[in-house]
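Undergrad: this one's sequence-less:
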């Protein structure tokens with residue numbers, strides 16, 4: 001039996017029962033019944049599927065620690081970035097599980113359910129929207145299951161929140177915080193991330209895996225987005241921008257991203273007047289954080305590394321195409337957003353439906369470079385330039 005068949009069957013059953021149950025209840029509650037925070041000794045948070053979304057959920061973790069100071073809090077994370085959460089003051093345990101692993105088997109799911117049962121959480125905050133995540137926690141016997149009622153999973157949640165009609169017109173971190181507000185009021189705040197160490201602790205520095213060139217300011221370019229081409233500013237413009245920054249600031253330009261980004265990185269290097277250092281596919285998540293922390297500036301498409309830079313407090317320029325800054329913009333004081341709102345935007349598509357990528361074509365190199373100048377003019381980066 002394939003794992004997908006499991007939640008397809010659950011989705012069908014919930015869909016068939018959803019309407020009769022709602023009619024029996026007479027009204028679908030806009031907010032869940034309140035819970036007593038002091039009664040929750042163990043809490044598990046199922047992190048979102050995307051790195052950037054996971055970083056934006058850190059404000060929820062902070063809130064849970066404030067309202068449940070004595071609780072043991074576990075997070076469930078995709079393995080690729082699980083090391084980020086080790087040692088965070090809000091996290092006591094990290095459980096690794098990847099629902100999207102192409103090799104996922106029922107045995108893997110049973111092992112995950114066993115890990116949940118071993119932790120024995122009193123409540124689960126389920127941030128991803130798929131029905132399978134609610135099914136996992138119901139299967140594991142977690143008594144309180146809190147999440148949005150996406151994907152016909154209302155019946156699998158004890159505290160379902162209605163998905164607002166304009167869900168994407170409010171910052172995602174606020175939507176995550178709304179789940180935590182069932183335990184008490186929460187103030188908005190930007191995500192903050194301590195520097196993870198290779199040994200799983202957080203807060204201190206580690207030896208640089210990629211030494212910085214002496215006398216140069218380091219500027220990171222992240223020209224990739226796993227989501228799709230509609231979230232990628234053209235490589236030609238990244239190359240133009242990299243050349244201008246290198247010449248104006250005597251900067252070391254470093255290209256980062258997953259192994260999938262190597263082709264784009266090669267194209268950027270082919271077009272640049274000054275060869276950039278290509279580290280695409282060569283960094284662990286902890287090493288990427290170290291590179292970001294050592295940099296004077298990060299320029300990125302709307303993606304996970306952009307949110308890492310924001311959470312680490314590094315100056316940042318984020319380029320938005322098909323996505324919306326209203327929903328997922330960085331919230332730091334030293335973050336700049338470049339976005340063109342057209343009649344068709346935001347479309348949230350992986351590829352431009354018209355084949356033009358007009359929202360990105362409208363963002364010029366001059367405009368982005370002006371943001372770079374503004375950020376670099378206001379900072380003291382002497383500690384980030386090696387003598």
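TA: Thanks, I have it. Quick caveat, the model's predicted, so the values are computed rather than measured. Residues are numbered from 1 along each chain as shown.

Undergrad: so where's the stretch 251-387 of the chain uncertain?
TA: Applying pLDDT under 70 to the stretch 251-387 of the chain flags the ranges 379-387.

Undergrad: ranges for the strands of it?
TA: Listed in chain order, the strands of the stretch 251-387 of the chain (DSSP state E, counting those that start in this stretch) span 251-255, 277-278, 297-301, 316-319, 335-338.

Undergrad: including mean neighbour count and distance to residue 65, could these go into a markdown table?
TA: For the C-beta atoms, the positions are set from N, CA and C on the backbone; glycine is no exception. Listed next are the strands of the stretch 251-387 of the chain as a markdown table, based on neighbours: other C-beta atoms under 10 Å; distance: least, C-beta to C-beta, whole Å:
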| stretch | mean neighbour count | distance to residue 65 |
| --- | --- | --- |
| strand 251-255 | 25 | 34 |
| strand 277-278 | 17 | 38 |
| strand 297-301 | 27 | 28 |
| strand 316-319 | 27 | 26 |
| strand 335-338 | 19 | 24 |
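
Undergrad: any chance of these in CSV, plus distance to residue 291?
TA: Conversion of the strands of the stretch 251-387 of the chain to CSV gives the following (distance: least, C-beta to C-beta, whole Å):
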stretch, distance to residue 291
strand 251-255, 7
strand 277-278, 10
strand 297-301, 9
strand 316-319, 14
strand 335-338, 18
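
Undergrad: quick one: closest of the ones you listed to residue 348.
TA: strand 297-301 (14.3 Å; C-beta to C-beta).

Undergrad: on that earlier part again, among the strands of the stretch 251-387 of the chain, which is nearest residue 229?
TA: Among these, strand 297-301 comes nearest to residue 229, with 10.4 Å by C-beta to C-beta.

Undergrad: quick check: which helices or strands does the closest one pack against?
TA: With contacts taken as 3 or more C-beta pairs under 8 Å, 6 or more residues apart in numbering; DSSP states H and E, strand 297-301 sits against strand 217-222, helix 304-312, strand 316-319, helix 365-377.

Undergrad: quick check: closest non-adjacent residue to residue 306.
TA: Leaving aside its sequence neighbours, residue 306 sits nearest to residue 300 (C-beta to C-beta, 6 or more residues apart in numbering; 4.0 Å).

Undergrad: what's the answer for residue 97, then?
TA: In space, residue 97 comes closest to residue 112 once its chain neighbours are excluded; the distance is 4.6 Å by C-beta to C-beta, 6+ apart.

Undergrad: elements contacting the helix or strand encompassing that neighbour?
TA: Under the criterion of DSSP states H and E, residue 112 resides in helix 106-119. The contact analysis (3+ C-beta pairs under 8 Å, 6+ apart) places helix 106-119 against helix 3-25, strand 42-46, strand 93-96, helix 131-139.

Undergrad: contacts for stretch 100-113, please.
TA: The contact list for stretch 100-113, computed with C-beta atoms under 8 Å, 6 or more residues apart in numbering, reads 1, 3, 6, 49, 78, 95, 97-98, 136, 139-140.
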